[in-house]
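J.: Using only what follows, build the 3D model:
(2 chains)
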Number of protein chains: 2
Amino acid sequence: MGQSWQEAVADKKRRQAEAIPKQWLISVPPATELTVTSIPESCGLLTDKEVLITKTEVDVLLKKLASAEWSSVEVTTAFYKRAIIAQQLVNCLTEIFVDRALARAKELDDHLKSTGKVVGPLHGLPISLKDQLCMKGVENVMGYVSWIGKYAEKNAALVDILYECGANPFVQTNVPQTLMWPETFNNVFGRTVNPHNRSLTSGGSSGGEGALVALRGSPIGVGSDIGGSIRIPSAFCGLYGLRPSYGRIPYAGAVNSMEGQDSVPSVFGPLCNSLAGVKIFMKAVADSKPWLKDPLAVRKKWDEDEYKLEDHGRGKGLVFGICWNNGVKVPHPPIIRALEMTKAALEAAGHTVVDWVPHKHAELCNTLNDIWSAGCLEDYDTVTSITGEPLIETMLAEASGEIAKTNFRPTGNASVSAYGLWQLQKAKLRLRQEYLAMWEETAKTTGTGRPVDAIISPVAPYAAPPHGMNSDASYTSIYNVLDYPSFVFPVTRVDPVKDAKKPPHKFLSEEDEDNYKLYDPKTFFNAPVNLQLSGRTQEEEAVIAMTEIVDAALKGK
Amino acid sequence: MGQSWQEAVADKKRRQAEAIPKQWLISVPPATELTVTSIPESCGLLTDKEVLITKTEVDVLLKKLASAEWSSVEVTTAFYKRAIIAQQLVNCLTEIFVDRALARAKELDDHLKSTGKVVGPLHGLPISLKDQLCMKGVENVMGYVSWIGKYAEKNAALVDILYECGANPFVQTNVPQTLMWPETFNNVFGRTVNPHNRSLTSGGSSGGEGALVALRGSPIGVGSDIGGSIRIPSAFCGLYGLRPSYGRIPYAGAVNSMEGQDSVPSVFGPLCNSLAGVKIFMKAVADSKPWLKDPLAVRKKWDEDEYKLEDHGRGKGLVFGICWNNGVKVPHPPIIRALEMTKAALEAAGHTVVDWVPHKHAELCNTLNDIWSAGCLEDYDTVTSITGEPLIETMLAEASGEIAKTNFRPTGNASVSAYGLWQLQKAKLRLRQEYLAMWEETAKTTGTGRPVDAIISPVAPYAAPPHGMNSDASYTSIYNVLDYPSFVFPVTRVDPVKDAKKPPHKFLSEEDEDNYKLYDPKTFFNAPVNLQLSGRTQEEEAVIAMTEIVDAALKGK
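T.: Here you go, the predicted model:
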């Protein structure tokens, strides 16, 4: 009598397609057209004003919304149309609810008109949400066939806060099955691809957000990050993206995989085309006292003194540590060039750059992997067994039979006892203590009396790789286990001339050799190249301010 | 060839006895003399000035030390002598190192003399430490025979901070084996008893601190609290004692049981004869930026605005919720009288008192117990099996064959998998979310627009009970699982007239009936009666300020 899982998927996809207004369908280019970033503006669906609106950054958008120069209805309509174009190009959306979003936009416009006041600091702004952030009455599939037809009974705490701030959550975005992949593919919605080059991954697990925001189908998106899931899509899609510390942004009421894993938790954070948008989002949420809605939220208001870098010499003469490689894999030429560009720009701006020697990065990442592995397979099986949907074993394109090596997705080891897990967690804490002590020690050599102010490092040892080839999240997950806020920012783009393949170096490891072999500038055509800046736990304000300094230096400001 | 565990204990006890200067030995009263609180001043060992010094509260002591009116050598000597008296009366100490402490005191005096400046906000103050807080070069037994002869290679982070603040850690204090008992007894140092009535327990696990500070053998002590281990000894010994939120006081570098249990961690906090001492300690540590020494320390400076109760109407017209019982056990008459006294005092001071209805307290405490139980037996066995010392199964006096019922000490269930533990932790988080939502809901009924400002509740359903009879830590452990800062304060003392046994009530549970039967004013002769005030996570400043208000109201100020 019951539906097969394939039938459930077909039904869900039909409902998703029906949610798209017919007049917003475009003529989709063939799959061989790799770069689709210009299509939203060339396809003819958007009016000139809608193009203008969707090209406007968050800070300016908010001013125009607050002054009623632009209505929320027109801003929401513009982004919704563009999001639907994005969906047709890169398959980034899950839930689509146009009427609901436009009704909310009208309410906001009416409020502003009748009271003369904005509802909050994000008044009228459409915001896209990763498919974990429950909205009352909206289906919550999160990449699991088994969750088709599961509708949220109430809003996640963060969604309530966004509503209180006057924002307009307007679409939900795609994720990988289990959320524990650095690419985005599941049995329900399929694969999200990279708009800069559709043969490349958009990253994951917030890959729907990355692809959508990169196409400016949303002014700002909320992703989650347990091992790089905000930063990898931000980097692969050329965006700004912040992984905050545990508990800085509320998680309560959202759905997740591996719930109850308390040791290295996932966090929410923003992905955006502008740095200002990231700051505005973080300040708005912190000022909303998230600790009144989530018992795990840190009771720490937005700290303007920390933003003014009171612990970092007020931003003059900063000392940045550059991590050229993590001791396991040497990054590809475009990544090294981005590090060199950043170093030169910072030195030109009067800052100091020193080498950052990685401290037991492999050991930290392996311990993290073991912690997740302790229970992950039982967790995945519990959900997938409901419908019998297959557990996805590779992110490679279906045609290929090859299994991608990955050290990101936990391998699973159901035999670990609770006591065994405690031993892993104990080892992790020791490593965190060592890392902190090592960082503090740098105060002896910087010449400023302070330790190194921030670490700049690759987000991955490559730009966005082909589907199924994103085998390494250790450059990001190191900061999840350390709980260091990490801000990804765009630097450059893969350049076939400047980033020619180099002769083989002395390989650090077998994985390093494999990584070397993967590189070819043609494969990575048009891929963005980003880096990340990492600071101390719960130092989001300073990390944002220091990333502003790096960004300005790179832009020659 | 190897020493038996009994031989190792005999050797350790001999070394402990030898560490006591012979001239500080007193004539010890017989065990039948139950109350020993006056003996330090009557035994003749202390000079008048030493009596004066040891009766002086922390805030005044620090002023006299900072002005060099009293030297650290004389203050340290006075408290050391009194601590050694306490040791002879109630068996509260573990490590004794007089020369080292006096040398440190002299250094501090010399520094003040030569520079005119104090080393820090705790300049010259002797501080006692629970036997978990490693001091470089000092033995770290922590109640385990297996750890005899284990010397700390470096200071715990908190010890480093106390040194930086100018304090003088001068003794270490007794704990129960495993730390997971609310009384204090182990195979090495034996039992710590209550100075108000030696037939009663001093509580645990920081029972050495409680007994020592109550005898004014230390101006302030540091305990730890995973289920009530600061608050229970504070209450049973008549002290002020604060259980801060996770990570507010650094834990790094200390030893502990159940290391790696990340879900409901132990925290350090102060026990003191004065409320001012608790505030001074908390502010000094927070201002020392503990997050630079401990990766788990919250990056939150001492917040003077929160201390001024900016989130609580600036302290005017507060609304307190009183939890009369937890739905499982009705407290004994002296505890109910203390609640009534507090209610009357607060109302007389212009505040409002409402009933606080416990929300799933039993479910919260059972979940907590299950989380600890998931791995505790393997943890205990790993340590005790080294020497074969027996795992302690009861805190009853050795003569009795009865096994005390306890729902505090985790029962142990080695068959729980890591995934099973995650499910418990997930359930716990749901309960925390419910509790927070329930608390927020009270804003609808307080009349102030704010939710209830703080909860006042019993610390236990009884005052200090006889040894082995402290079977219930649920009144305290509820706030460990919720992570609410909780401040214990003295209210009254068991009074044979006012606290006569009442006729049986309709029992809430079998445990409630057992608890009713336990009561007899004679049994609890002279026992202090304390209560606790609990606030929101990471709201230590406000909890301290609100406890000051309650304390002043009780004192008729």
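J.: what about the strand or helix carrying A:Lys444, near chain B?
T.: Using DSSP states H and E, A:Lys444 sits in helix A:443-446. No. Residues of helix A:443-446 are not located near chain B by Cβ under 8 Å from any Cβ of the partner chain, the shortest gap being 9.8 Å. C-beta: built from backbone N, CA, C; applies to glycine.
J.: buried stuff in that helix?
T.: A:Thr446 (16 or more other Cβ atoms under 10 Å in any protein chain shown).
J.: and that helix, what's its mean pLDDT?
T.: Mean per-residue pLDDT for helix A:443-446: 98.
J.: Return the list of strands paired to the helix or strand just after it, each annotated with direction.
T.: Downstream of helix A:443-446, the first helix or strand assigned by DSSP H and E is strand A:454-458. Using DSSP bridges, strand A:454-458 pairs in its sheet with strand A:319-322 (parallel), strand A:528-534 (antiparallel).
J.: Send me the first one as PDB with only the CA atoms.
T.: Extracted as PDB, the C-alpha positions of strand A:319-322 are listed here (Å, rounded to 0.1, in the frame of the first residue of the first chain):
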ATOM      1  CA  VAL A 319      50.200  40.900  13.000                       C
ATOM      2  CA  PHE A 320      48.700  38.200  10.800                       C
ATOM      3  CA  GLY A 321      49.900  34.600  10.700                       C
ATOM      4  CA  ILE A 322      49.600  33.000   7.300                       C
END
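J.: Tell me which residues are up against that strand.
T.: A:339, A:342-343, A:346, A:351-356, A:442, A:446-448, A:450, A:452-457, A:533, A:550 (Cβ atoms under 8 Å, 6 or more residues apart in numbering or on different chains).
J.: A:Arg216 and A:Glu57 touch, don't they?
T.: No. Contact criterion Cβ atoms under 8 Å: A:Arg216 and A:Glu57 do not qualify, at 10.0 Å.
J.: Now the spatially most central residue of chain A. Its backbone dihedrals?
T.: Closest to where the C-alpha atoms of chain A average out (Cα atoms, centre = their mean) is A:Ile230, at 1.7 Å. Dihedral angles of A:Ile230 (phi, psi; degrees, to the nearest 10) stand at phi -90, psi -40.
J.: can you list the weak-confidence ranges in chain A?
T.: Counting by pLDDT under 70, chain A has low-confidence residues at A:1, A:397-414.
J.: How many residues are close by the residue nearest to A:Ser474 when sequence neighbours are not counted?
T.: Counting by Cβ to Cβ, 6 or more residues apart in numbering or on different chains, A:Ser474 lies nearest to A:Cys365, which is 4.4 Å off, once chain neighbours are set aside. Residues lying near A:Cys365 (other Cβ atoms under 10 Å in any protein chain shown) number 24.
J.: Name all residues that make contact with A:Cys365.
T.: A:Cys365 makes contact with A:Asn407, A:Ser474, A:Ser477, A:Ile478, A:Val481, according to Cβ under 8 Å, 6+ apart.
J.: Let me see the contact set for the fourth one.
T.: Contacts for A:Ile478 were tallied using Cβ under 8 Å, 6+ apart; they are A:Asn326, A:His361, A:Leu364, A:Cys365.
J.: Chain B contacts on the stretch 401-550 of chain A?
T.: Residues of the stretch 401-550 of chain A lying near chain B (Cβ under 8 Å from any Cβ): A:414-427, A:429, A:432-433, A:435-436, A:440, A:482-483, A:536-539.
J.: Tell me which of the residues you listed fall in helices.
T.: Of these, the ones assigned to helices by DSSP state H are A:418-427, A:429, A:432-433, A:435-436, A:440, A:482.
J.: Please, which helix or strand holds A:Lys271?
T.: Lys isn't right for residue A:271; it's Leu. Secondary structure from DSSP H and E places A:Leu271 in strand A:267-272.
J.: Can you pull out the residues in contact with that strand?
T.: Outside strand A:267-272, the residues that touch it by Cβ under 8 Å, 6+ apart are A:58, A:130, A:133, A:158, A:206, A:209-210, A:213, A:219-226, A:230, A:233-234, A:239-251, A:254, A:277-278, A:281-282.
J.: Number of residues surrounding the closest residue to chain B within the stretch 51-200 of chain A?
T.: Using Cβ to the nearest Cβ, the closest approach of the stretch 51-200 of chain A to chain B is made by A:Ala157 at 8.6 Å. Counted with other Cβ under 10 Å, residues neighbouring A:Ala157 total 30.
J.: what are the ranges of the strands in the stretch 201-350 of chain A?
T.: Along the stretch 201-350 of chain A, counting by DSSP state E, counting those that start in this stretch, strands occupy A:220-225, A:240-243, A:267-272, A:319-322.
J.: Of the ones you listed, which stretch is the most buried?
T.: strand A:240-243 (a mean of 31; mean count of other Cβ atoms under 10 Å in any protein chain shown).
J.: about what we covered before: what does the helix holding A:Lys444 contact?
T.: A:Val319, A:Thr352, A:Val354, A:Gly449, A:Arg450, A:Pro451, A:Val452.
J.: With stretch A:46-60 instead?
T.: Contact partners of stretch A:46-60, identified using Cβ under 8 Å, 6+ apart, comprise A:40-41, A:61, A:64, A:70, A:74-75, A:77-79, A:81-82, A:85, A:125, A:216-217, A:219-220, A:272-274, A:276-277, A:280-281.
J.: and the residues you listed, which of them are in helices?
T.: Those of the contacts of stretch A:46-60 mapping onto helices are A:40-41, A:61, A:64, A:74-75, A:77-79, A:81-82, A:85, A:276-277, A:280-281, per DSSP H.
J.: Now that we have these, which of them are buried?
T.: Applying 16+ other Cβ under 10 Å to the ones in helices among the contacts of stretch A:46-60 flags A:40-41, A:61, A:74-75, A:77-79, A:81-82, A:85, A:276-277, A:280-281 as buried.
J.: From these, pick the one nearest B:Pro390.
T.: Distance to B:Pro390 across those (Cβ to Cβ) is lowest for A:Phe281, with 57.3 Å.
J.: ok, what's across the strand from the residue nearest to that closest one when sequence neighbours are not counted?
T.: Leaving out its chain neighbours, the residue that sits closest to A:Phe281 by Cβ to Cβ, 6+ apart is A:Pro270, at 4.3 Å. Beta-bridge pairing for A:Pro270 (DSSP bridges): A:Val222.
J.: what's the distance between A:Pro270 and chain B?
T.: Separation of A:Pro270 from chain B (Cβ to the nearest Cβ, to the nearest Å): 20 Å.
J.: Could you check how many residues crowd around the closest residue to A:Gln423 other than its chain neighbours?
T.: Distance criterion Cβ to Cβ, 6+ apart; nearest residue to A:Gln423, sequence neighbours excluded, is B:Gly260 at 5.6 Å. Neighbour count of B:Gly260, defined by other Cβ under 10 Å: 22.
J.: and B:Gly260, what does it touch?
T.: By Cβ under 8 Å, 6+ apart, B:Gly260 lies in contact with A:Leu421, A:Trp422, A:Gln423, A:Leu424, A:Gln425, A:Lys426, A:Ala427, A:Leu429.
J.: you'd agree the first one is up against A:Ala374?
T.: Okay, so that is A:Leu421. Yes. Between A:Leu421 and A:Ala374 a contact is recorded at 4.7 Å, counting by Cβ under 8 Å.
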